[in-house]
Each structure stands twice: as C-alpha cells, then as structure tokens.
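> Only the shape, not the letters, is given here:
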C-alpha cells in the first residue's frame, strides 16, 4: 500500500479536527478555513519526461524488464519530494517542478549497480527512495533530470543470527514488516520513530534515525553493525565485527550520507529479545526547567527508562503530549509539563527500574499520573503526522523542527529557537503557537523537538522558509546541531556546512568525488554541488 499522495500515511486513518480545536485555532491564531477545493491528482499538469528512449530502455534492461521502470503520472507524482509541510503545500497547489523522469525499481544489489552505471552514462541523477518520509528536502535534489530509485522490491530478511543476535535486512523493508519478521523468531529491533509505519530500514540508516525508545535501545546508528553500499564506482562492504580498531569506521561515513555517497543495499543490525512487558506512565512537573532537570538525573545517573520524554507547558496545555488527546477538555486543563516514561524488559527488571526511577522523579519534583497518560501516548505515538494533515485541511500551518545540544546549552537553545520562530512568523502576520518537547536523552545532552502552528496566510511556504532559516541561525548560534534525527537534505545543507566547517565539507566532497565522479547521486542533498 502506498501513502496518501498529498498527505501522510493511510487515508483511512485521517480524521477531521474536533470542533473544539477548529474553534481554538480560529480564536487564538486567526485560522480561516479553505475556500478552494483541493486539487485532484488527475488534475495536476506534469512536465513531459526528458529522458530519452535509449536511457529508459537501458534502465529496463538493468532491472529485469520495462515493468520495473514506471513513467506514468501517478507513479511520478507519488515520488515527488517528501512529506514536509512545504512539500505537501506545493504538491497540493500543483507544483511538481521536482518530479522524477521515471521511477526505477531494482530487486538486488547488482541491479542497483547496473542502474547507477546507466544513469552515469546518460547524465541522469539518482534519488534513492524508501518510504518517502523525508521532511528536510532529502528527495528533492538540485534541478536536473533524475530518476527515483524505489527500493520496495528489496524488502527481505537476508540473515538472522540468534547466537550473535544480529539480523541483515534489505533496505526497502518497512519497519513494521521488519519487526514482524523478527518477532516471529522472538526478537525486536526496538526502533520506533514517528515515521515507523512507513519508513524503511535503509532510510533509517541513510538519515541516522532515532526512535522513540532510544533511551533504552539507542539510536539506529548505534544498532548498525554492517552495511553494503552500491556506488557508481563499485561496492563498499563496511563492518565485519561488533567493534574494530582497524582504521576509521566506514560504517559511520555511510550512515547519515542520505544517498549522496551511494545506495545502501543491505543493513546488518543488532537485535534483542522481545520484552516480556511494556509499561508506560505519565508524570507531571511544575515547569519545563524542573522536568528537564529530572530527565537529566535519570539520563546521567540512572536508572534510565526505555522511553523518556518531556513536553513543555504549551505542548502539555494543548494536548500534544498525547497526540490523540488534542482538543480533549482534560488535556487542555492540565497545568505544568507532562513527562512520559516507558519500561521494557523482563517483568522483574522492569518493576525494579520503575520503582527506582519513580524515587528519582519524585525527589526531583514529579507527580505520578499513573498508567493512563503513558498508555494513551503509546496508543497515539504515530498520530502526529495525521494531525498535521488535518490542521492543513482546516487552513492552519503546522510544521516541526528538531535539534540537540549538551545539557548546559539546552535552556538557551530552547529560548533562542522559540524566539526566532515567534518573532519571524509574527512579523509575517501569522503569529504562531510554538510547542516543544525533549524526545531523546543522553548522559551529556538531549534533543529538542519543536512544533509550530499558525494561520497559513497568503504565502505559507515563503513565511515558513524565512522562519525556518531564522530558527536554523538560532540553532547554530546557540551551540545546537542542525539536525538530531531528521537529517540534512537540502533544507539544512547550508547550516550543516557551517556546523562541519570548510575543511570538513571539503573532505566529504573528496569522498563524493571518488565514489560519484559524475555527481549523479542525490545532487545538492547533504553537500553543496561543486
């Protein structure tokens, strides 16, 4: 099943906003409903493909037949950009300027290599496409003719080693299917990002994904033990042992490369036994500052829950601490900040960690709210993107951004980004509601995940672009990283250059020139083109 072409996920799961929420948007932000009907897919006018017949024929030969090279309108539209709010607004308005020439579906590593050789010979760029969930311009390269390399046919479990507790997957396998295959053998990957229902294993690796249970299972880049990369110049196999002192770790060079260095064709990851129990709870803190201090204590001194997150006062008040509770009268009456803790493992270990963590949280000022808020969060943990689409349908603008920093810098970073977003959008005539939560914690720091809601105004994409640039400037100035888990894409690229430094960027460009001398791999994504 494909995602909704002009929105997120399964169309059957989309739902209109409650009247209480539309009223709040109207009264608080001046949101007005749309008066123009949404554009239908069949009404979008597409540019004609410029790829010649010779190139299309060669691509078909590379992937086993013309059935695996698609040039029909629907296939091309469905592979246009990702799922950021600007992506969707532009597509809903009929803007398909970033549309691929064709969609190519290889079934093996060798077929990927063959496609890359064909594209290099014919001057076609290549954009690897997994679940299509990028929200940072990772699927919209700099303007030139390109093909979308859809990896959905490469969706197998290649190997499972229960002794070493490792599994090797092809890149196009979606996360739910990967979990199902592992669960049948008594294992789990433990990687549950908000994009879980649609994202792929290869996409997790390419973007350095981080799941909602990262406090217990770690980030995806910590799970990866081995990678296979197909490039126009050949194949790289990285990782043959759990740890090694044999030079720099090539796995870390490939992780986060976003298709700019090559196409990931297999990923070997660590796996863990399916937990006996999963328990989620809610806690209340008087302020974001107090709650953050409590999370830091657990992250640094333990015991660390499997899930640990904290919503600020605004996010808690509106109800986004529990996405399926937005508009709920109880959620809107809550004061202070909502924290969610989750524990997974054996019954004995989970009970012990809960008791020990509860003592720390109470000492830090927390009040236990019981299992209901935690279970409600777990039930709605993948609902936020659907909520975003409902907000767009109602005439609101809703978008997110995230960053991370050391604990000592978190307060200033939080204030700087909120101020940049509020000031820029207010000056544009669309004063926003800015919400934030800590979604991932480490011994030395944490991530901040911001949600912004405002009226769309007459030029929503232009307004957001200015606000996002101001927020990016604030992130760099306050000592944050330009991305904690969404990746770089094109949206963050210029700030990534500032973060990495001139020499660092030149070193990465040298790698790209060696692996991709014709510059066909996702040009302009991650790194500026030469």
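That came through fine. Everything numeric here is computed off the predicted structure, so don't read it as measured data.

> most centrally placed residue in this protein?
residue 486 (4.3 Å; CA atoms, centre = their mean).

> residue boundaries of the strands in the stretch 101-250 of the chain?
102-104, 125-129, 146-150, 157-161, 166-169, 187-188, 224-231, 234-238 (DSSP state E, counting those that start in this stretch).

> In a markdown table: these, plus mean pLDDT, distance to residue 337 and mean neighbour count.
Yep, even glycine has a C-beta here, placed from its N, CA and C like the rest. Compiled in a markdown table, the strands of the stretch 101-250 of the chain are given as follows (pLDDT from 0 to 100; distance: least, CB to CB, whole Å; neighbours: other CB atoms under 10 Å):
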| stretch | mean pLDDT | distance to residue 337 | mean neighbour count |
| --- | --- | --- | --- |
| strand 102-104 | 97 | 45 | 24 |
| strand 125-129 | 98 | 38 | 26 |
| strand 146-150 | 97 | 42 | 26 |
| strand 157-161 | 98 | 41 | 14 |
| strand 166-169 | 98 | 38 | 22 |
| strand 187-188 | 98 | 30 | 20 |
| strand 224-231 | 98 | 34 | 22 |
| strand 234-238 | 98 | 42 | 14 |
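
> So which of those strands is nearest residue 437?
Between residue 437 and the strands of the stretch 101-250 of the chain, the shortest gap by CB to CB is with strand 187-188, which sits at 24.4 Å.

> Run the chain-centre distance for the closest one.
22 Å (CA atoms, centre = their mean, to the nearest Å).

> oh, and call the first residue 246 from now on, that's how I've got it
All right, first residue 246 from here; so that's strand 432-433.

> Give me the residues contacting it.
Under the criterion CB atoms under 8 Å, 6 or more residues apart in numbering, residues 405, 407, 410, 412, 424, 427, 516, 517, 518, 519, 520 lie in contact with strand 432-433.

> Where helices are concerned, which of these count?
Assignment to helices by DSSP state H places the following of these there: 424, 427.

> Between all of the contacts of strand 432-433, which two are separated the most?
Using CB to CB, the contacts of strand 432-433 span at most 18.2 Å, a distance reached by 405 and 520.

> got the contact list for residue 512?
Applying CB under 8 Å, 6+ apart to residue 512 gives the contacts 413, 414, 416, 446, 447, 449, 450, 469, 471, 472, 473.

> Residues in a beta bridge with the first one, which ones?
When assigned by DSSP bridges, residue 413 has beta-bridge partners residue 404, residue 513.

> Would you agree residue 667 is in contact with residue 679?
Yes - at 5.7 Å, residue 667 counts as touching residue 679 under the criterion of CB atoms under 8 Å.

> Which one of the two is surrounded by more residues?
Using other CB atoms under 10 Å as the criterion, residue 667 and residue 679 rank with residue 679 on top: 22 against 18.

> and the more buried one, what does it touch?
Here residue 679 is in contact with 559, 663, 666, 667, 695, 696, 697 (criterion: CB under 8 Å, 6+ apart).

> Kindly recompute the last result at 7 Å.
By CB atoms under 7 Å, 6 or more residues apart in numbering, the contact set of residue 679 is 559, 663, 666, 667, 695, 697.

> And for residue 503?
The contact partners of residue 503, by CB under 7 Å, 6+ apart, come to 383, 451, 452, 732, 733, 734, 767, 770, 771.

> What does the pLDDT read for it?
We have a pLDDT of 98 for residue 503.

> my read is it is in a strand, agree?
No - Residue 503: not assigned to a strand; according to DSSP: H, G, I helix; E, B strand; the rest coil it is coil.

> how much space between it and residue 727?
Spatial separation of residue 503 from residue 727 under the definition CB to CB, to the nearest Å is 13 Å.

> can you check residue 349 too?
Between residue 349 and residue 727 the distance is 31 Å, computed by CB to CB.

> how about residue 602, secondary structure?
Three states are possible here, and by three-state DSSP the one that applies to residue 602 is helix.

> Kindly report the same for the one 5 residues further on.
Here residue 607 takes the helix state, with states given by three-state DSSP.

> For it, which non-adjacent residue is closest in space?
Nearest non-adjacent residue to residue 607, counting by CB to CB, 6 or more residues apart in numbering: residue 613, 7.4 Å away.

> Whatever helix or strand that neighbour lives in - what's its average pLDDT?
Counting by DSSP states H and E, the secondary-structure element that holds residue 613 is strand 612-615. When pLDDT is averaged over strand 612-615, the result is 96.

> And the helices in the stretch 646-775 of the chain?
Using DSSP state H, counting those that start in this stretch, the helices of the stretch 646-775 of the chain run over 655-672, 705-722, 738-745, 747-760.

> To residue 583, which of the ones you listed lies closest?
When the helices of the stretch 646-775 of the chain are compared by CB to CB, helix 655-672 sits nearest residue 583, at 16.3 Å.

> From the rest of the structure, what touches that closest one?
Applying CB under 7 Å, 6+ apart, the external contacts of helix 655-672 come out as 537, 648, 650, 676-677, 679, 681, 691, 693, 695, 697, 699, 708, 711-712, 715-716, 718-720, 722-725.

> now swap in stretch 352-372 and tell me
Stretch 352-372 has contacts (CB under 7 Å, 6+ apart) with 296, 300, 303-304, 307-309, 345-346, 349, 351, 384, 386, 389-394, 398-399, 473, 475-477, 504, 508, 510, 763, 765-768.
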